[in-house]
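Trainee: got a predicted structure plus its sequence, pasted below:
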Amino acid sequence: MTGDQPLPPDKFRVALVQMSCGPEPEQNLQKALERVADAAGRGAKVVCLPELFQTQYFCQREDASLFDLAEPIPGPSSEKLAAAARQNAVVLIASLFEKRAPGIYHNTAVVFDADGSLRGLYRKMHIPDDPLYYEKYYFTPGDLGFRALDTYVGRLGTLVCWDQWFPEGARLTALQGAQILFYPTAIGWHPAEKAEFGEAQHDAWRTIQRAHGIANGVYVAVVNRVGFETGNVRGKSAPGQGLEFWGGSFFCDPFGRVLAEGSHDREEIVVGDVDLKSLEDIRRNWPFLRDRRIDAYAPISNRLLDSQ
C-alpha cells in the first residue's frame, strides 16, 4: 500500500463459511452475504465461500436448462459480493458459475479486495467427470492458468475443488508468491460408498491438501459445504441417490498442522489466524523451494513417461 493507505497486517484472521445450500439461488446468496458480515464481526480480514454456493450442487445431472444459472462477471451476483467486501472491509473469495460467452461457461473463483475492487478471476483448471460430478458437461477448462493475486492482506492463490488433488497447481501458484492457498470446494460421499470408503476418502482429501502447505511453505484454507443434496434447483432434482457433502472445512499452517476445522454436518464459520512473518522462518528451516532441481523437472509436462 502507498500514500495514505494503511500497511497490510502481518497477522490477520481468515474465515471459511461452511454452509448448506437450498433450492433457491437468491436465498443462498443472501445467506452467504449474512455469513460474510458475521465473519467480519469475528475479526476476519479474509472470507472464503464454498464452491458454487448459490445453488445445490447441480452437476449431479446433465441438464441444458441449468446453464441459465450462469452469470457474466461483472454481473448481478458479483456486484452484491463486491458490495459485501467493501461494506465489511474484507477480502472476499467467492465461487461463481460464469457465463463468458454463448456456449462458454466456467467454474470461476472471484477475488474482491477489502475496498470492493475486483482483484482477479481464477477459472477452474481441472474439471472432473465422475458419477454425480458431471462437470465436464457444464464447465470449460480454465484458460487463465494458475494465479496469485495481490490483496490488502497479501498475495493469495485460489484454486477450486478438483484442483486440490494436483500438486502441480499448488506449486505453480506458490511459485508466484502466494502466501495462502484457498480451495473453495463441493465434495461429499456417495451414500452407497460411505460405509466402506468414506473414512479413507475424507482422510485422503485432508492429507493431500495439508501436503500442499508443507511442500510449498504456505497456509492452506479449504471450505466445503454440508448437507444432503439431490441437486434440487428451483424444485427440480437429479435422479439417483444424491450426495452427502462432508463439510470438514479446515485451515492449516505450513507445517500441515490443522489450526481450525469444521464438523461434518453443521453450518459454521471456521476461523484461523495467519502470521505471515512465520513463513520466512519456516522456509529458512525447510527450504524446499530452494532445493528444487528445476534442471531435472522438464519431463513432468508429459502425460506419461513410457519406458524405453
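Mentor: Right, received. Where do you want to start?
Trainee: what ranges does the stretch 101-250 of the chain have for its strands?
Mentor: For the stretch 101-250 of the chain, the strands defined by DSSP state E, counting those that start in this stretch cover 104-112, 118-123, 148-151, 154-158, 180-184, 188-189, 219-223, 226-229, 243-246, 250-252.
Trainee: any chance of these in a markdown table, plus distance to residue 130, mean neighbour count and mean pLDDT?
Mentor: Yep, even glycine has a C-beta here, placed from its N, CA and C like the rest. As requested, the strands of the stretch 101-250 of the chain are exported to a markdown table (distance: least, Cβ to Cβ, whole Å; neighbours: other Cβ atoms under 10 Å; pLDDT from 0 to 100):
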| stretch | distance to residue 130 | mean neighbour count | mean pLDDT |
| --- | --- | --- | --- |
| strand 104-112 | 15 | 24 | 98 |
| strand 118-123 | 20 | 20 | 98 |
| strand 148-151 | 29 | 20 | 98 |
| strand 154-158 | 22 | 25 | 97 |
| strand 180-184 | 18 | 29 | 98 |
| strand 188-189 | 12 | 22 | 97 |
| strand 219-223 | 19 | 28 | 98 |
| strand 226-229 | 16 | 21 | 97 |
| strand 243-246 | 11 | 23 | 98 |
| strand 250-252 | 23 | 25 | 98 |
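Trainee: with distance to residue 59 as extra columns, can I get these in JSON lines?
Mentor: As requested, the strands of the stretch 101-250 of the chain are exported to JSON lines (distance: least, Cβ to Cβ, whole Å):
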{"stretch": "strand 104-112", "distance to residue 59": "9"}
{"stretch": "strand 118-123", "distance to residue 59": "16"}
{"stretch": "strand 148-151", "distance to residue 59": "26"}
{"stretch": "strand 154-158", "distance to residue 59": "20"}
{"stretch": "strand 180-184", "distance to residue 59": "14"}
{"stretch": "strand 188-189", "distance to residue 59": "12"}
{"stretch": "strand 219-223", "distance to residue 59": "18"}
{"stretch": "strand 226-229", "distance to residue 59": "11"}
{"stretch": "strand 243-246", "distance to residue 59": "10"}
{"stretch": "strand 250-252", "distance to residue 59": "23"}
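Trainee: hmm, who's touching the helix-or-strand element of the chain with minimal mean pLDDT?
Mentor: Of all helical and strand segments in the chain, the minimum by mean pLDDT, DSSP states H and E falls on helix 277-285, at a mean of 93. Applying Cβ atoms under 8 Å, 6 or more residues apart in numbering, the contact partners of helix 277-285 are 10, 11, 179, 217, 218, 253, 254, 255, 289, 290.
Trainee: out of these, who's the most crowded?
Mentor: residue 218 (26 neighbours; other Cβ atoms under 10 Å).
Trainee: can you tell me how far it is from residue 265?
Mentor: 29 Å (Cβ to Cβ, to the nearest Å).
Trainee: which stretches of the stretch 1-150 of the chain have low pLDDT?
Mentor: 1-8 (pLDDT under 70).
Trainee: and the helices in it?
Mentor: 25-41, 76-88 (DSSP state H, counting those that start in this stretch).
Trainee: cool, and the stretch 151-300 of the chain?
Mentor: 167-175, 194-216, 277-285.
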